[in-house]
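J.: Any chance you could fold what I've pasted below:
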Amino acid sequence: MSKCTPQKRLAQFNNKELSIKKQKLFCFGSANIPLHKLHSKFFKNIFTNYLKPEYKIPGVRCCNVALMCDEILDSMNRSVFQKILIKLDFNADIRPKLVQTIFLEDVNYETVTRSIIECLIEMEIKFQNVMVFISDNASYMLKAFKSLKTILFNCTHVACFAHIIALVGETWRSNLSEVDLIFANLKSIFARGSNHKKRFIDFLKSNEEKIQRIIHHQLLLGGTHVSKQLAIVQKI
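T.: Now for the predicted structure:
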């Protein structure tokens, strides 16, 4: 086997189709690091001091983009507002990138609008370059887009299909209550049937000794762990 020397590896690297700029974007995207971090003054100083002066870190400020926004609740019941950018350039990497995640104290169209404008300014994206705004059909999102439309004059709102399908399903359920009851009963028969319960009880009875041994073993391990932690605390 031929050994790959550093010179050969460097030649292979230089012959790759992707430039170092695109590789940098790919690296940050794979690590889920927001693209706006590329514009940090501390990050730029490193490349200014150690790379050639003509090196320029690529961004999304000069191309058309689609903005995707979503608000969800995390495990601590906090409102998390996430923004994802998609470069509308088929000659480049068009995979969506998470650029910002913030917590909203109040969820309304004003906080959403303010957050989006601050994000675009921080990313140095021109307002006329935002071509698509993707969100759900929540009333505050629709109102936020109406207020943003005055500055994002090239932007078109696209509603999330999953949210639309969910709304259609809720409409069907509310207007066809008898059909909804039939499907709920069918689901209950298959998911919580008496046969399932009987088989589970038979399984517990046939494996009672094994289950008891497992429980006793776990209790013993738990007691040993607590004893060790108590000994450490007492030494402190």
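J.: all helices for this structure, in order.
T.: Residue ranges of the helices in the chain, as given by DSSP state H, are 6-14, 20-30, 41-50, 109-122, 139-148, 161-175, 177-191, 194-206, 208-235.
J.: least reliable of these going by mean pLDDT?
T.: Across the helices of the chain, helix 6-14 has the smallest mean pLDDT, namely a mean of 46.
J.: Now do the end-to-end distance for stretch 87-106.
T.: 30 Å (Cα to Cα, to the nearest Å).
J.: list the buried ones in stretch 66-75?
T.: Buried residues in stretch 66-75, defined by neighbour count with 16 or more other Cβ atoms under 10 Å: Ala66, Leu67, Met68, Cys69, Asp70, Glu71. Quick note: C-beta positions are derived from backbone N, CA and C, even for glycine.
J.: Likewise for stretch 87-99?
T.: Along stretch 87-99, these residues count as buried under the neighbour rule (16+ other Cβ under 10 Å): Lys87, Leu88, Lys97, Val99.
J.: With stretch 107-124 instead?
T.: Residues of stretch 107-124 classed as buried: Tyr109, Thr111, Val112, Thr113, Ser115, Ile116, Cys119, Leu120, Met123 (neighbour count, 16+ other Cβ under 10 Å).
J.: quick one: the second one from Ser135, how far?
T.: Applying Cβ to Cβ, to the nearest Å, the value for Thr111 to Ser135 is 14 Å.
J.: and if you look at His196?
T.: 41 Å.
J.: quick one: which of those two has more around it?
T.: Ser135 (22 against 12; other Cβ atoms under 10 Å).
J.: residues contacting that one?
T.: Met68, Cys69, Asp70, Met141, Ala144, Phe145, His157, Ala159, Cys160 (Cβ atoms under 8 Å, 6 or more residues apart in numbering).
J.: Please tabulate those in TSV, including the columns distance to Ser206.
T.: Formatted as TSV, the contacts of Ser135 follow (distance: Cβ to Cβ, whole Å):
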residue	distance to Ser206
Met68	52
Cys69	53
Asp70	48
Met141	54
Ala144	59
Phe145	60
His157	59
Ala159	53
Cys160	48
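J.: of the buried residues of stretch 87-99, closest to Asp202?
T.: Within the buried residues of stretch 87-99, proximity to Asp202 (Cβ to Cβ) peaks at Lys97, which comes in at 52.6 Å.
J.: How many residues are close by the nearest residue to Asp74 once chain neighbours are set aside?
T.: Residue nearest to Asp74 in three dimensions, not counting chain neighbours: Val80, with 5.2 Å by Cβ to Cβ, 6 or more residues apart in numbering. By the measure other Cβ under 10 Å, the count of residues near Val80 is 14.
J.: Can you give me the pLDDT of Val80?
T.: At Val80 the predicted local confidence, pLDDT, stands at 90.
J.: That one pairs with what?
T.: Ile72, Phe103 (DSSP bridges).
J.: so what's it up against?
T.: Glu71, Ile72, Leu73, Asp74, Thr101, Ile102, Phe103, Leu104.
J.: any idea how far it is from Phe28?
T.: Distance of Val80 to Phe28, given as Cβ to Cβ: 21 Å.
J.: if we can go back for a sec, do you know how far the residue nearest to Asp74 is from Thr156?
T.: Taken as Cβ to Cβ, the spacing of Val80 relative to Thr156 amounts to 25 Å.
J.: Equivalent analysis for Ile164, please.
T.: Using Cβ to Cβ, Ile164 is found at 16 Å from Thr156.
J.: One more: Asn207?
T.: Using Cβ to Cβ, we find Asn207 at a distance of 60 Å from Thr156.
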